[in-house]
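Colleague: Curious how this folds, go ahead:
(2 chains)
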Amino acid sequence: MDTIYLDHAATTPIHPEVIKTMSEVMEESFGNPSSIHGFGRHARALLDESRRYLARSIGADEKEVYFTSGGTEADNIALIGVAQANKNKGKHIITTQIEHHGILHAAEHLEAIGFEVTYLPVDAYGQVDIEMFKKHLREDTILVSIMMINNETGAIQPIKQIATLLESHQAYFHTDAVQAYGLKPINVTDLGVDLMSITAHKFNGPKGVGFLYAKQGVKFTALSHGGAQERLKRAGTENLPAIVGMKRAIEVIEENNYLNFERYKQYNEQFYTQLKAACEFVVNGQYDNQSPTILNVSFPNTNVESLLMNLDLEGVAASSGSACTAGSLQSSHVLVAMYGADDPRTQNSIRFSFGLANNQDQMIEAATRVARVVNRLTKK
Amino acid sequence: MIYFDNSATTKPSQEVLDSFLTVSETYYGNASSAHQFGLDADKLLRKSHQQAGQIMNVEPTEIIFTSGGTEGNNLAIKGVALAYQKRGKHIITTTIEHPSVLSACQALEELGFNVTYLPVNQSGVVEVESVKEALQADTILVSIMHVNNELGTIQPIKEIGELLKNRPTTYFHVDDIQGFGKISLDLKRSYVDLCSISGHKIHGLKGTGLLYVKEGIRLFPLFHGGGQQTDKRSGTENLAGIVSLVRAMRLITEQKLHHPEYLDHLNQQLRQRLQEIPEVVINTPEGQAPHILNFSIPAYKPEVVLHALEENHIFVSTKSACSSKRTDESAVLRAIQLPRERTTSALRVSFSFQNTDGEIELFVRVLKRIIKELSKVMG
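Modeller: Just a heads-up that it's a prediction; the model follows:
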């Protein structure tokens, strides 16, 4: 029995094309991009080309793309770097209760060193309320950080509306687009954000690489110091094979006209329909209005730990929340923000997320396996 | 093609590539996930901790995987400084460290720490006595590199470790990025508390590295997030990179074990042959790291020589790649008080186990020819 991987929001398999490109770069272009000889210049040319491509993929200039070791580092640079560089303008930051821990823990660190952070609540569908945002926006707010798509529920946040509200405000606007990039084309100018974090391993690229978009003119300090790489914002020899691999990953998606988005949506619908016919559950969030790659559901009268264990035995790899907190098996902070800590849904919900490792046949099989487990566990 | 710039970066070995690709294809799960894919990834991650620990003769839990040398150095220095600032705010390092150490220290100075940058003697070595004199009651960290990346000079790590071993409130960090796999460093006997290594300097991959952190030492993290790696380094682990790093560590350790004299032999060859060229002055003193040889050709612009060599498919470096965009003078050579005509005309050859006698012979012949041709142009 093959285990069916329904945890693409935690991480995705690398696309074979990406692996091919990376091994070519590792074998043939191993130079240090800072070296002035031919190997270095060749590596530099590949680096520049990747930067240009990735910048263009979000409608940005190549000078606005800073490579990092992943989403967590990009989030940390955005939050801590911007806060530190702009504290003369104010010490207030707005984020939400449902951000990834890369943001939440960076924000807590900023609180510890004298910044004031507002964590916006969300409604029962996991969405940030614009009115609530307006209420908390202050003159001395220097940074707003709101994720584009929530990693646990798939809820899409009103980034564009918030950006509009911030047009004539001093605050920089950062969005964690880790779950969004690669699903649909993103244009940072249309969207109106100043900073955006991306990580490659969520869209079939390698782990250990990502980038931060920072609009020209945005002031932020570096987190690591050393060589003059990344325009002095992120020291360290550039991880060239991974960077080129990340570029290849988005290139594959673009060559495919973002059709993966449609395909994953179909997987989700098939799984959902099949599951609905076979057992009892409620969707966390609004099924019709969230990322098609993520389906978070609550199975009444079950418990998340036994669900996960039994699903794993039955051959379905799913998750109770973000992988980064999954190890701890604490209640999901996202579901707590939506329903309150005492709601049973915080104790009986599972996230299924769809992607490259799946095919249509698997969806029916997966739903059957899940229903089998749920019905067994809820049998009176 | 002759690649003599192995201190800038190395060509990844085939075995390393194979491990990277196998893990990427087969073990793509997130090591923090609770299902089978995650558990398999986690098992591999634990095994990597174990093997890296074994190679370095430390505990598996004392290994923190990073994105490379710069992150390792930053995490060690800022991590210790910010975690222990209540004990003291004094840090000791040297003037010849890698930019990632120097800049991290400068950043700490802006936050109110005091940093002593120790000079080195004319051989490019920091005197143990000067470390002793610089120590204060509030010194919380001493950070000294094992092998200098431009000159190849070996620092007296063991002696400094001995000096610090009875000071429980002073931690000792060693940047072993250039030394690992080439010159042994016994972390325990040298009383080292933290040690950084980078993958791409040992035929591993860029974007990989590790920091050894002795049990019980707290670090203030550079990144906050999911709490991976005992909360010292958040972020989804780059498992394929990690496995490939451990592979590279093992390969280079074995190579050194089986051919302990090989790099020394190459170094002696090159040294002897260079001494035959009257225009060349060797900057690296005898008895230093075998894989780095720095020399100057006064009055000849190093970039011109470098590009002339390159036309003959020979690749060397003028100085550290990380600082090659800055001024025309090597800060390290200036630190050992060489005259300006030498600090501005230096070239660095750096070997790996893949280089051969024949390559040295060819290099010297080409270099002689280039000097002859250039001297004609210069009239």
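Colleague: C-alpha from now on. contacts and neighbour counts both.
Modeller: Noted.
Colleague: And for B:Leu257, the neighbour number?
Modeller: 12 (other CA atoms under 10 Å in any protein chain shown).
Colleague: how near is it to chain A?
Modeller: As for B:Leu257, its distance to chain A is 26 Å (criterion: CA to the nearest CA, to the nearest Å).
Colleague: what about that residue, which SS state?
Modeller: Assigned state for B:Leu257: helix (three-state reduction, DSSP: H, G, I helix; E, B strand; the rest coil).
Colleague: And the strands in the stretch 51-200 of chain A?
Modeller: Counting by DSSP state E, counting those that start in this stretch, the segments of the stretch 51-200 of chain A that form strands are A:65-68, A:92-96, A:116-120, A:141-145, A:172-176, A:195-199.
Colleague: Chain B: which of those strands is closest?
Modeller: Within the strands of the stretch 51-200 of chain A, the stretch nearest chain B is strand A:65-68; the backing value is 9.0 Å (CA to the nearest CA).
Colleague: in that closest one, what counts as buried?
Modeller: Of the residues in strand A:65-68, those scored as buried under the neighbour-count criterion (16 or more other CA atoms under 10 Å in any protein chain shown) are A:65-68.
Colleague: Tell me which other helices or strands that strand touches.
Modeller: helix A:38-57, strand A:210-214 (3 or more CA pairs under 8 Å, 6 or more residues apart in numbering or on different chains; DSSP states H and E).
Colleague: Tell me which of the strands of the stretch 51-200 of chain A is the most buried.
Modeller: Scoring these by mean neighbour count under mean count of other CA atoms under 10 Å in any protein chain shown gives strand A:195-199 as the most buried, with a mean of 28.
Colleague: what inclination does that one have with respect to strand A:210-214?
Modeller: Using axes from the mean of the first three to the mean of the last three CA atoms, to 10 degrees, the inter-axis angle of strand A:195-199 relative to strand A:210-214 is 170 degrees.
Colleague: What is the distance between strand A:195-199 and the centre of its chain?
Modeller: Distance of strand A:195-199 from the chain centroid (CA atoms, centre = their mean, to the nearest Å) equals 8 Å.
Colleague: Contacts (any at all) between chain B and it?
Modeller: No - under the criterion of CA under 8 Å from any CA of the partner chain, chain B is not reached by strand A:195-199; the shortest gap measures 10.0 Å.
Colleague: who does that strand pair up with?
Modeller: Strand A:195-199 has the following sheet partners, assigned by DSSP bridges: strand A:172-176 (parallel), strand A:210-214 (antiparallel).
Colleague: Turn those strands into a markdown table, columns for mean pLDDT.
Modeller: Converted to a markdown table, the strands paired with strand A:195-199 look like this (pLDDT from 0 to 100):
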| stretch | mean pLDDT |
| --- | --- |
| strand A:172-176 | 98 |
| strand A:210-214 | 98 |
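Colleague: Using CSV, please lay out those strands together with distance to B:Asn238.
Modeller: Written out in CSV, the entries for those read as follows (distance: least, CA to CA, whole Å):
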stretch, distance to B:Asn238
strand A:172-176, 20
strand A:210-214, 12
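Colleague: Tell me which of the ones you listed lies nearest to A:Glu49.
Modeller: Smallest distance to A:Glu49 across these (CA to CA): 14.6 Å, for strand A:210-214.
Colleague: In the chain, what helix or strand scores lowest on average pLDDT?
Modeller: Looking at chain A here, since you left the chain open. Lowest mean confidence among the helices and strands of chain A (mean pLDDT, DSSP states H and E): helix A:323-326, at a mean of 49.
Colleague: nope, chain B
Modeller: Of all the helices and strands that make up chain B, the one with the lowest confidence by mean pLDDT, DSSP H and E is helix B:331-335; it has a mean of 89.
Colleague: what residues does that one touch?
Modeller: Where contact means CA atoms under 8 Å, 6 or more residues apart in numbering or on different chains, the residues beyond helix B:331-335 that reach it are B:95-96, B:119-120, B:124, B:150-151, B:340, B:342-343.
Colleague: Weed out the non-buried ones from those residues.
Modeller: Among the contacts of helix B:331-335, the ones that count as buried (16+ other CA under 10 Å) are B:95-96, B:119-120, B:124, B:150-151, B:342-343.
Colleague: Quick check, A:Glu73 in contact with B:Gly226.
Modeller: No - the pair A:Glu73 and B:Gly226 fails to qualify as a contact (CA atoms under 8 Å) at a distance of 11.3 Å.
Colleague: More neighbours: those two, which one.
Modeller: In terms of neighbours (other CA under 10 Å), A:Glu73 is the more surrounded of A:Glu73 and B:Gly226; the figures are 31 against 26.
Colleague: How about the closest residue to chain B within the stretch 151-300 of chain A: what's its closest non-neighbour residue?
Modeller: Proximity of the stretch 151-300 of chain A to chain B (CA to the nearest CA) peaks at A:Gly226, 3.3 Å away. Residue nearest to A:Gly226 in three dimensions, not counting chain neighbours: B:Ser100, with 3.3 Å by CA to CA, 6 or more residues apart in numbering or on different chains.
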